[in-house]
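In: I would like the atomic coordinates for the input below:
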Amino acid sequence: MGRHGARLRWVVALVSVTIAVLATVDRYVDREREWARGGDQVAVTVEAVLPEPDQVADAVVAFGWPEPVDNVVGDPDRQSVVLRLRWSGPPRKGHYQVILLDGRVEPARVVQPYAGWDADGDTGSNWAGAYDVLAERYAWLADTATREGPEGTFTTPPHVGAVGTRATADGSLIAVFQLLPGALPMTDPSRLVVAFCYVEPDGDVRWAKQVPVPPAP
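Out: Numbers count the residues shown, from 1 in each chain. Next up is the predicted model:
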């Protein structure tokens, strides 16, 4: 009976370990699938304009930013990009983060965020250390990675950032970005790429999807 009981306990332990391993593998497979296809459930469209510095406020108003627009001012030394995004998909808790990339260079260069507005008002711009995973998971987001500085310190470049908005089922966002000083003038917005990212309430990044920007009408 003792040997039978020991054998039974060994079989039970083996089955438990096997189940745990299979569950871990399933979670890994599901997570890898989410990284690759998680954004498929959300349909996103983008409109973009490249206004002159004195026309940036008019451009955001044309996209639906309510007047008066006191905090959006064009910079004569930095070309502005104004986007309007619309999306629809399942309701989620957390936020969507919008990163704009200049696809004329390799790897694509992050375009610095400047301002944003959604149904709740001004959104501003942000960045968090948890977003470093984007560069690890997506080669096309390599420019979001931290850089090693003097004495082994790691920092995020000042141009790297995102404009955030609540992850509503159906929503829209107006966002303003500025190319870095000295960047070649952009005439074709289709050379831009939008990264539309989902971040859970605890700050965990779940996925990012590329959204093409159409050419100017």
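In: so if we follow the domain assignment, how does this protein break up?
Out: Here the domain parsing of the chain from automatic domain parsing is 1-39, 42-212.
In: which one of those domains has the lowest average pLDDT?
Out: When those are compared on average pLDDT, domain 1-39 comes out lowest at a mean of 66.
In: sorry, back to before: Throw the domains of the chain into a markdown table and include mean neighbour count, thanks.
Out: Bear in mind the C-beta positions are built from the backbone N, C-alpha and C, glycine included. Output for the domains of the chain, formatted as a markdown table (neighbours: other CB atoms under 10 Å):
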| stretch | mean neighbour count |
| --- | --- |
| domain 1-39 | 11 |
| domain 42-212 | 17 |
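In: and the helices in this structure?
Out: 2-37, 56-62, 133-137 (DSSP state H).
In: what packs against the last one?
Out: For helix 133-137, the contact count by 3 or more CB pairs under 8 Å, 6 or more residues apart in numbering; DSSP states H and E identifies strand 205-212 as packing neighbours.
In: what do you get for the second one?
Out: Counting contacts by 3+ CB pairs under 8 Å, 6+ apart, helix 56-62 packs against strand 80-88, strand 170-178.
In: same list (those) but as a markdown table, adding distance to residue 147.
Out: As requested, these are arranged in a markdown table below (distance: least, CB to CB, whole Å):
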| stretch | distance to residue 147 |
| --- | --- |
| strand 80-88 | 24 |
| strand 170-178 | 20 |
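In: figure out which of those strands is closest to residue 33.
Out: strand 80-88 (20.8 Å; CB to CB).
In: ok, residues contacting the closest one?
Out: The contact list for strand 80-88 (CB atoms under 8 Å, 6 or more residues apart in numbering) reads 42-51, 53, 56, 59-60, 63-64, 74, 96, 98, 100, 111, 114, 169-179, 186, 189, 192, 194, 196, 211, 213.
In: same thing but at 7 Å, please
Out: Strand 80-88 has contacts (CB atoms under 7 Å, 6 or more residues apart in numbering) with 42-51, 53, 56, 59-60, 63, 74, 98, 100, 111, 169-178, 192.
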